[in-house]
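Enquirer: compute the structure for the input listed below.
(3 chains)
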Amino acid sequence: MPELPEVETVRRQLGPHLTGRRITRTTVSDPLWCSPAPADQVEDAVTGRRIESVDRRGKYLTFALEDEIYLVMHLRMTGNLLFVPGGHEAEPRFLRVRFVLDDAGQVLFTDQRRFGTGVVLAGHDALTDYFDARLGVEPLGPEFTVDALRALARGRRAPVKAFLLNQERVAGVGNIYADEALFRARIHPLKPVGTLRRPKLAALRDAVVESLRLGIDSKGATIDDFRNADGAYGSFQDRFLVHLRAGEPCTRCGTTIRKIRAAGRGTYFCPKCQPRPRV
DNA sequence: CGCGCAACCTGTCTGC
DNA sequence: TGCAGACAGGTTGCGC
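Expert: From the prediction side, this is the model:
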């Protein structure tokens, strides 16, 4: 579920509810969430502080609190953030963290597989260092140019699919949007990224941006039961061109969509529109 | 340094 | 029906 468009959807929905509110109570019921930091240490660090903004970088979501305290969260595979308005009760399955706000609203972090994480960082430099250490270019930002992509790809023999999934190069693309972008750019997922010529890289850049934008427009993709912060389902899954469509006809040429394994992940593509690279 | 892969944890689905 | 095994949207650490 949560790739850049899903996290951005959550951010946009949480922002208006949270900005300016104060966190009055925090309960981390699953210590694994913030491990190795102790749960009570994280609870104490955020409780009582005002939320100045809700931000996204790659697939990370950050509550920027007063005093330059940052709560950086990652939903990983099955994490979810749900907003519950004041006066309403909610005890969802897989609840791991509960934030109560000064207007009685609540934010609930749920996570079936318990891969999701939360970490508290003190000071803006610490936040910048944290992201710089693990994230590359923001694909919807002005710096995601063809030249930037070419510099990142140069000399690399990794399959383009693996390249797109590596957050240290481009931050925010996951399995769904990698498949969709490669189809739009008509590139085989196993093509070594360093062998792509400039026009292909330009097509890939455009395809990544377009796929992510469409995902955001659809309020993300819902597979299984991902909901966005307001409890609604995203709809991008209805617009998948190849992802999860093995055995179905390609929307462009009618050829049967195939599923292979690339970069250790289930990978969907059209064998005609995305011809196998000559190794 | 670049790359592939197992591990993290839980639930669901498939095949025998 | 029961059960072992594979698989699931992500990231990290280890080995080659």
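
Enquirer: CA only for contacts and neighbour counts going forward, please
Expert: Will do.

Enquirer: and the stretch 1-150 of chain A, which residues reach DNA strand C?
Expert: A:1-3, A:58-60, A:76-78, A:115, A:134 (Cα under 7 Å from any atom of the strand).

Enquirer: can you do 6 Å?
Expert: Residues of the stretch 1-150 of chain A that fall close to DNA strand C, judged by Cα under 6 Å from any atom of the strand: A:1-3, A:59, A:76-77, A:115, A:134.

Enquirer: and which of those is nearest A:Glu66?
Expert: Proximity of those to A:Glu66 (Cα to Cα) peaks at A:Lys59, which lies at 22.5 Å.

Enquirer: separation between A:Pro85 and DNA strand C?
Expert: 24 Å (Cα to the nearest atom of the strand, to the nearest Å).

Enquirer: give the contact list for that residue.
Expert: Shown in contact with A:Pro85 (Cα atoms under 8 Å, 6 or more residues apart in numbering): A:104-106.

Enquirer: would you list these in a markdown table and tack on neighbour count and secondary structure?
Expert: Putting these into a markdown table (neighbours: other Cα atoms under 10 Å; DSSP: H, G, I helix; E, B strand; the rest coil) gives the following:
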| residue | neighbour count | secondary structure |
| --- | --- | --- |
| A:Ala104 | 16 | coil |
| A:Gly105 | 19 | coil |
| A:Gln106 | 26 | strand |
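
Enquirer: mind putting the residues you listed into a markdown table with pLDDT?
Expert: Below are the contacts of A:Pro85 laid out as a markdown table (pLDDT from 0 to 100):
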| residue | pLDDT |
| --- | --- |
| A:Ala104 | 97 |
| A:Gly105 | 96 |
| A:Gln106 | 96 |
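
Enquirer: quick one: which of these is nearest A:Ala232?
Expert: Of the contacts of A:Pro85, the one sitting nearest to A:Ala232 (Cα to Cα) turns out to be A:Gln106, at 16.6 Å.

Enquirer: so that closest one touches A:Val97, yeah?
Expert: No - the criterion here is Cα atoms under 8 Å, and A:Gln106 misses it with A:Val97 at 10.3 Å.

Enquirer: tell me how far the nearest residue to A:Arg93 once chain neighbours are set aside lies from A:Ala104.
Expert: Distances taken as Cα to Cα, 6 or more residues apart in numbering place A:Thr110 nearest to A:Arg93, at 7.1 Å, with adjacent residues excluded. Using Cα to Cα, to the nearest Å, one gets 19 Å for the distance from A:Thr110 to A:Ala104.
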